[in-house]
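K.L.:
Below are the sequence and a predicted model for it; my questions follow.
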Amino acid sequence: MMRAFRCQICGDSYLGAESPDRCPFCGAHRDYIKRASEWIDHGQVELSEQSRRDCERALDLEINNQAFYACAAGKTSDQISEAFFKRLSKQEGEHAEVLSEMMGVDEPEVPSVECSDDDAENMRDAHERESRAIRLYQQIARRAPEPRVREVFLALTDIESEHLIISSIYR
């Protein structure tokens with residue numbers, strides 16, 4: 001029997017017999033996938049000054065990572081790396097959308113960024129980008145007074161940690 005599920009992080013819906021292991025859109029762990037009837041729309045969050053600055057910094061990081069992964073997907077020489085980079089670009093875009101919604105701002109345009117023609121170099125760059133995101137998101141989650149901000153950044157830390165593991169495999 002088909003059921004409707006929604007991700008508590010990105011809000012996207014999924015139809016299936018059971019909840020997926022990870023959100024197919026943002027990558028959030030199964031724990032964040034709720035039956036659609038149980039989903040809570042958090043929308044814009046009233047943010048402290050520190051949390052607003054943190055969200056702005058994270059949004060910039062996500063948008064730039066989205067652009068980098070799109071560039072790398074377009075330059076890769078094999079379909080496995082292309083699939084990896086393309087999926088990460090889409091997930092980083094989902095993360096940017098979540099952050100924009102939390103702040104009540106329009107999602108910024110994706111900039112044009114450079115990447116290497118060499119897959120190994122792009123994997124090393126991906127590894128560093130994910131490591132940087134994890135460190136930042138752990139700090140933000142620890143200091144955020146808002147429960148929704150903590151929830152989002154803990155989920156993003158988990159997602160970026162998975163990206164780090166995958167980038168380690170392919171480096």
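P.N.:
Nice, thanks for sending it over.
K.L.:
all helices of this structure, in order?
P.N.:
Ranges of helices in the chain, per DSSP state H, are 49-75, 79-103, 119-143, 147-170.
K.L.:
got TSV for those, with mean pLDDT and distance to residue 43 too?
P.N.:
Bear in mind the C-beta positions are built from the backbone N, C-alpha and C, glycine included. As requested, the helices of the chain are exported to TSV (pLDDT from 0 to 100; distance: least, CB to CB, whole Å):
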stretch	mean pLDDT	distance to residue 43
helix 49-75	98	14
helix 79-103	96	7
helix 119-143	96	19
helix 147-170	92	9
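K.L.:
Serialize those helices to CSV and add fields for distance to residue 24 and mean neighbour count.
P.N.:
Below are the helices of the chain laid out as CSV (distance: least, CB to CB, whole Å; neighbours: other CB atoms under 10 Å):
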stretch, distance to residue 24, mean neighbour count
helix 49-75, 17, 19
helix 79-103, 10, 20
helix 119-143, 19, 18
helix 147-170, 12, 19
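K.L.:
of the ones you listed, which approaches residue 12 most closely?
P.N.:
Across the helices of the chain, the minimum distance to residue 12, taken as CB to CB, is reached by helix 79-103, at 7.5 Å.
K.L.:
and that closest one with helix 147-170, angle?
P.N.:
170 degrees (axes from the mean of the first three to the mean of the last three CA atoms, to 10 degrees).
K.L.:
What is helix 79-103 packed up against?
P.N.:
helix 49-75, helix 119-143, helix 147-170 (3 or more CB pairs under 8 Å, 6 or more residues apart in numbering; DSSP states H and E).
K.L.:
and the longest one, how far out from the chain's middle?
P.N.:
Looking back up the chat, that one is helix 49-75. Put simply, helix 49-75 sits 9 Å off its chain's centre (CA atoms, centre = their mean, to the nearest Å).
K.L.:
same check, this time on the shortest one
P.N.:
The chain centroid and the centroid of helix 147-170 are separated by 7 Å under CA atoms, centre = their mean.
K.L.:
could you give the angle of that helix to helix 49-75?
P.N.:
Using the same axes, to 10 degrees, the direction of helix 147-170 lies 30 degrees away from that of helix 49-75.
K.L.:
What count of nearby residues applies to residue 13?
P.N.:
Residue 13 has 12 neighbouring residues, counting by other CB atoms under 10 Å.
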